[in-house]
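Participant: what would the 3D arrangement of this be:
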Amino acid sequence: MAVTLADVAAVCRLSMSTVSRALSHPERVNARTRSRVERIARELGYVRHEVTRSQVSRRTAIIGLIVPDIANPFFSVMTKAVQDRAWKKGYSVMLADTDERAADEPDRARVLAEQADGLILASPRADDGRLREIARSSPVAFANREIARSSPVVFANREVDGAAGVVIDEYAGMNEAVQYLVSLGHRSICYLSGPGRSWSDQRRREAIGAACRAHGAELTELGPFEPQIQAGMRAADVIRFRGATAAIAYDDMIALGLIARLAERRVKVGREISVIGIDCGPLSEAAHPMLTTVHLPGAELGALAVDLLLDRLDPAAAGREPPRVRLESRLVIRGSTGLRVP
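Facilitator: A predicted model of the protein is given here:
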């Protein structure tokens, strides 16, 4: 079995990006590290595939990943899955966090594209026009000179015309959530919407609205809210004022904040008001009562995004239609929902 860059990195106890630089661009690594990497590579029998002048691409064994907020549990889970799958495929991951600033995404993509073989953009907030520009393959600067190297892009949880991507089909999960609340006797449902720039929020609003119309429930929308616990705490008093007996939050973080503030107000969640989150992240089971939530397969999303990107890096993929993959969502029932009390 051929020795890979990952094998050399493991023995050296260095990142693959450092080993890659030591072997491909030794001037960028200090002499001691370079000498050690070269020696271990020789001992292991590692054969580096040289890039000839006739080739149109140059590999760095790095994947660039851009997320809106790494502190959000959904993106933390997804990022770990991206790193795990990339490492097993012989790649390192370079991460950029835009802190929910859509305007920063093009700059982050440009910088990462100069160093990475390809990019994964997770739930990007920029408009479709900007994202199509990012997805358009073009030569990038590398080692202070222009070479013909394109960086393929895969979008995770965002549909962009003409671009490869993997998305979560949330309609089934949203319909399950509304149907379940109606079966418990709830006819007045409140949706706490997420960031206005969020593509997922738009899809969730549409799905919840359609489900409420189909099942005879009245829907009230509040927001937009940032995906933070504090946002849910601010929304709690408004929901009680509106008279809703059930609430669906844009994500678990907002739902957890809602539960916390209702508990302060001595409102019994699951009895006096039902609460549903969206994500099914690790914190959803830490709430009291535990949070009923729509499960989104974030880990699978990240792993598949890596697979799609590596497929796009294969020269044989040139000219193929960019692949699209859909994952399913589902309702996970716990203690934060219950029968409507008259």
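
Participant: what residues does stretch 329-342 touch?
Facilitator: If you take Cβ atoms under 8 Å, 6 or more residues apart in numbering as the criterion, stretch 329-342 is touched by 168-174, 176-177, 180-181, 184-187, 245-246, 255, 259, 269-272, 274-276, 280, 284-285, 287, 289-297. For every residue, glycine as well, the C-beta is placed using N, CA and C.

Participant: buried stuff in that stretch?
Facilitator: If you call a residue buried by 16 or more other Cβ atoms under 10 Å, then stretch 329-342 has these buried ones: Ser329, Leu331, Val332, Arg334, Ser336, Thr337, Gly338, Arg340.

Participant: just the pLDDT for the first one.
Facilitator: So that's Ser329. If you check Ser329, the pLDDT there is 95.

Participant: which non-adjacent residue is nearest Glu176?
Facilitator: Once flanking residues are discounted, Glu176 sits nearest to Leu331: 3.9 Å by Cβ to Cβ, 6 or more residues apart in numbering.

Participant: now do the helix or strand encompassing the one you found: distance to the chain's middle.
Facilitator: Leu331 is part of strand 330-332 when elements are defined by DSSP states H and E. Its chain's C-alpha centre and that of strand 330-332 lie 19 Å apart, by Cα atoms, centre = their mean, to the nearest Å.

Participant: check stretch 251-260 too.
Facilitator: 19 Å.

Participant: the domain parsing of this protein - what is it?
Facilitator: Split into domains by automatic domain parsing, the chain comes to 5-44, 62-168+299-327, 169-296.

Participant: can you mark which positions in stretch 243-255 are buried?
Facilitator: Buried, per 16+ other Cβ under 10 Å, within stretch 243-255: Ala244, Thr245, Ala246, Ala247, Ile248, Ala249, Tyr250, Asp251, Asp252, Met253, Ile254, Ala255.

Participant: what's the helix or strand for His221?
Facilitator: Heads up, residue 221 is Glu, not His. Going by DSSP H and E, Glu221 is in strand 218-222.

Participant: in that strand, what counts as buried?
Facilitator: Buried residues in strand 218-222 (16+ other Cβ under 10 Å): Leu219, Thr220, Leu222.

Participant: quick check, nearest of those residues to Val11?
Facilitator: Leu222 (55.4 Å; Cβ to Cβ).

Participant: hey, what's the residue nearest to Glu176 bridged with?
Facilitator: Val294 (DSSP bridges).

Participant: ok, now how distant is it from Ile278?
Facilitator: 10 Å (Cβ to Cβ, to the nearest Å).

Participant: mutual contacts of the two, please.
Facilitator: Gly173, Thr293, Val294.

Participant: excluding chain neighbours, what is closest to the first one?
Facilitator: In other words, Gly173. Ser329 is the one closest to Gly173 (Cβ to Cβ, 6+ apart), at 3.1 Å.

Participant: which stretches of the stretch 51-200 of the chain have low pLDDT?
Facilitator: 51-58, 137-150 (pLDDT under 70).

Participant: helices of that one, start to end?
Facilitator: For the stretch 51-200 of the chain, helices defined by DSSP state H, counting those that start in this stretch occupy the ranges 73-88, 105-113, 128-135, 171-183, 199-215.

Participant: would you mind giving those helices as TSV with distance to Glu264 added?
Facilitator: What follows is those, written out as TSV (distance: least, Cβ to Cβ, whole Å):
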stretch	distance to Glu264
helix 73-88	23
helix 105-113	37
helix 128-135	41
helix 171-183	23
helix 199-215	27
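
Participant: pipe those helices into CSV and attach distance to Asn157 and mean neighbour count per row.
Facilitator: Shown next, in CSV, are the helices of the stretch 51-200 of the chain (distance: least, Cβ to Cβ, whole Å; neighbours: other Cβ atoms under 10 Å):
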stretch, distance to Asn157, mean neighbour count
helix 73-88, 8, 20
helix 105-113, 14, 19
helix 128-135, 12, 17
helix 171-183, 13, 21
helix 199-215, 6, 19
